[in-house]
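*Asks:* pasted the sequence and its predicted model underneath.
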Amino acid sequence: MNLSVQQYYIRAARLDEIARLKEIENKAGEMFSGLGLIEDESLDTGVPNEFVRQSIELGQAWVICSDGDTPIGFVLVLALDGNIHVEEIDVLPEFGRRGLGAQLIEHVCEWAAAKGYKAVTLSTFRDIPWNGPFYRKHGFRDLTEVEWTPGMHEFRRNEVRQGLLVSARVFMRRELGVSK
């Protein structure tokens, strides 16, 4: 019996993959449809192409690929108030529940630690299983509003402008160099 084992690996994203990353983002975003988490769908335009391009050029964008070097997920980060902030992470729904998002998060945390950052932060939906509970399982903790940095306050204002239901969102933080 010949069993084929799918292989996944992470590499830096390339500029010629921006359209593919947007496709992944859009397909992953469909999982939120009908959950009542977006107050105004017309405002939710996703991550701007310019930000994706800048992330790639700065070496702050990675893809996870299957056999054949085709991206099936990605993560974009930026420096925010002395930490690394996960701006976007998406995996194609048909590749969900295989640990690919966890691999991307671990990659970001290892990269950030190697660069000397002390923590990784993000903003996500508090109770959606593949959001808040997923990140808690991977060493992130919820932040209270008094723990927010100035950049987080600006992010929250942007989330309001994007039509997100911010009352359902939470900022989270994972300390680096500390075991999960």
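*Replies:* Alright, I've got the coordinates. Numbers count the residues shown, from 1 in each chain.
*Asks:* any weak-confidence spans in the chain?
*Replies:* For the chain, applying pLDDT under 70 flags the ranges 1-6, 32-45, 178-180.
*Asks:* pull the contacting residues for residue 175.
*Replies:* 118, 119, 139 (Cβ atoms under 8 Å, 6 or more residues apart in numbering). C-betas here are computed from N, CA, C, even on glycine.
*Asks:* spell out the secondary structure type for residue 97.
*Replies:* Assigned by DSSP: H, G, I helix; E, B strand; the rest coil, the conformation of residue 97 is coil.
*Asks:* strands along the chain, start to end?
*Replies:* 9-12, 61-65, 71-80, 83-91, 119-125, 141-142, 169-175 (DSSP state E).
*Asks:* and of those, who's closest to residue 106?
*Replies:* Of all the strands of the chain, it is strand 9-12 that lies closest to residue 106, at 9.2 Å by Cβ to Cβ.
*Asks:* what's the closest one in contact with?
*Replies:* With Cβ under 8 Å, 6+ apart as the test, strand 9-12 has contacts from 56, 59, 61, 62, 63, 64, 65, 103, 104, 107.
*Asks:* quick check: the farthest pair among those?
*Replies:* Based on Cβ to Cβ, the longest span within the contacts of strand 9-12 runs between 56 and 103 and measures 19.0 Å.
*Asks:* nearest to residue 128 among the contacts of residue 175?
*Replies:* residue 139 (18.2 Å).
*Asks:* my guess is the closest one contacts residue 173. True?
*Replies:* No - assessed by Cβ atoms under 8 Å, residue 139 is found out of contact with residue 173, at 9.5 Å.
*Asks:* need the helices for this protein, in chain order.
*Replies:* Using DSSP state H, the helices found in the chain span residues 18-29, 49-57, 100-114, 132-137, 150-161.
*Asks:* who are the packing partners of the shortest one?
*Replies:* In this structure, helix 132-137 packs against helix 100-114, strand 119-125, strand 169-175, with contacts taken as 3 or more Cβ pairs under 8 Å, 6 or more residues apart in numbering; DSSP states H and E.
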